[in-house]
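> just the structure for this:
(one chain, ligands or ions: 1)
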Amino acid sequence: MRDEMRMIVCLKPVPDPKYWKNLTIDPVLKVLVREGMPNVINPLDRNALEEALIIKERRGGEVIILSMAPPFCLSVLREALAIGGDRAILLSDRAFAGSDTLATSYILAEAAKRLAPFDLVLCGNETIDGGTAQVGPQLSQFLGLEGISFVCRVEEFLFEEGKIRSLIVRRKTDAGYLSMEVRLPALLSVVKEANIPRYATFMGILEAEKKEIQVWNGNDLNIDSSRIGLTGSPTKMSNLFMPELKRKREIVKGTPEVVSSLMIDKIHQAGLL
Ligand SMILES: Cc1cc2nc3c(=O)[nH]c(=O)nc-3n(C[C@H](O)[C@H](O)[C@H](O)COP(=O)(O)OP(=O)(O)OC[C@H]3O[C@@H](n4cnc5c(N)ncnc54)[C@H](O)[C@@H]3O)c2cc1C
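Purely as a prediction, here's the structure:
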């Protein structure tokens with residue numbers, strides 16, 4: 001328990017959706033070819049960062065950006081610092097390439113352990129490229145923390161002897177919302193409803209130039225090399241392909257009654273209803 005909140009925000013650089021039509025798949029490894037693609041902060045990770053910045057404004061503390069990505073993603077981390085992160089760690093090593101979600105979570109967990117003590121780890125609920133929503137829950141297990149996904153608000157701080165002991169968070173469910181108490185340290189996976197992320201200001205961009213980005217490789221972490229990379233990943237891709245878009249155009253003529261009944265027949269025939 002502490003007076004201030006020391007927070008780690010896990011941030012994944014993802015290919016900029018504007019250029020997705022240029023994305024290709026490695027035919028042998030069955031992974032996205034990310035080299036040469038412009039990258040941006042995964043959208044929900046902006047919400048995770050914003051939540052951390054709001055907490056820091058309310059309670060004080062530090063916001064550390066943690067990312068596992070190739071070195072060409074440094075500019076994405078610099079943007080997170082311009083938005084308000086205090087410092088950043090980039091985990092980059094050729095041995096990390098090909099890691100599935102379990103191996104990624106394991107590597108992130110070992111880095112978080114090196115950054116301990118911390119009060120909160122914040123993730124986006126899911127990414128726009130892999131989109132498995134597995135990294136947050138797996139990371140919480142590796143760190144032995146309470147993990148809550150679909151978090152849409154940090155509602156309250158609960159204190160013990162003047163120090164922050166736990167949080168009340170609001171979680172989205174299929175039926176509505178659920179308020180839960182979570183003891184710190186904890187991991188929260190954040191959804192879009194949580195907040196409206198701020199953008200970098202001109203002053204923020206200038207200040208980010210002075211902030212530290214450390215690059216850690218496998219030797220900086222206490223890592224079992226048999227649990228990382230393509231060979232250390234239990235997920236084996238049997239196939240990965242771009243969907244083929246087939247469009248068929250047909251003009252249906254007639255009175256509104258004839259056209260609507262024809263349309264219903266066609267929708268049934270296509271198995272869409
Ligand atoms: C066999 C295999 C090989 C792969 N090879 C590669 C590869 O070579 N290079 C590659 O980039 N990807 C690779 N991937 C994809 C990679 O495993 C996932 O992108 C990664 O594990 C995150 O999964 P996700 O996108 O589903 O994240 P989700 O679980 O949807 O992410 C949830 C949240 O976790 C956090 N998070 C996720 N990933 C990271 C990260 N890397 N750093 C910091 N925070 C993160 C973010 O806060 C994010 O919002 C491979 C996947 C497989 C199955």
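
> show me where this protein has its strands.
Along the chain, counting by DSSP state E, strands occupy 5-10, 13-15, 24-25, 32-33, 39-41, 61-68, 87-91, 120-124, 146-160, 163-172, 177-183, 186-190, 213-216.

> right, and Leu167 touches Glu181 too?
Yes - counting by CB atoms under 8 Å, Leu167 touches Glu181, with 7.3 Å between them. C-beta coordinates here come from the backbone N, C-alpha and C atoms, glycine included.

> burial of the residue in the stretch 151-273 of the chain that the ligand sits nearest to, as a residue count?
Nearest to the ligand, among the residues of the stretch 151-273 of the chain, is Thr235, at 3.9 Å (CB to the nearest ligand atom). Thr235: 12 surrounding residues under other CB atoms under 10 Å.

> which ones are touching the residue nearest to it when sequence neighbours are not counted?
Among residues not flanking Thr235 along the chain, Asp100 sits closest, at 3.7 Å (CB to CB, 6 or more residues apart in numbering). Counting by CB atoms under 8 Å, 6 or more residues apart in numbering, Asp100 makes contact with 233-235.

> again with Glu51
122, 151, 154, 188, 190, 194-195.

> and if we set it to 7 Å?
By CB atoms under 7 Å, 6 or more residues apart in numbering, Glu51 lies in contact with 122, 154, 190, 194-195.

> closest point of the stretch 101-250 of the chain to the ligand, which residue?
Closest point on the stretch 101-250 of the chain to the ligand, by CB to the nearest ligand atom, is Gly130, at 2.2 Å.

> skipping adjacent residues, who's closest to that residue in space?
Thr101 (7.0 Å).

> which of the strands of the chain is buried the deepest?
Mean neighbour count (mean count of other CB atoms under 10 Å) peaks for strand 120-124 among the strands of the chain, with a mean of 28.

> start to end distance for stretch 246-262?
21 Å (CA to CA, to the nearest Å).

> how far off centre is the lowest-mean-pLDDT helix or strand in the chain?
For the chain, the helix or strand with the lowest mean confidence is strand 32-33, at a mean of 80 (criterion: mean pLDDT, DSSP states H and E). Centre-to-centre, strand 32-33 and its host chain are 18 Å apart (CA atoms, centre = their mean, to the nearest Å).

> does that strand come close to the ligand?
No - using CB under 6 Å from any ligand atom, strand 32-33 never reaches the ligand; the gap is at least 6.9 Å.

> what does stretch 65-82 give?
Yes - Stretch 65-82 lies within reach of the ligand by CB under 6 Å from any ligand atom, at 66-69.
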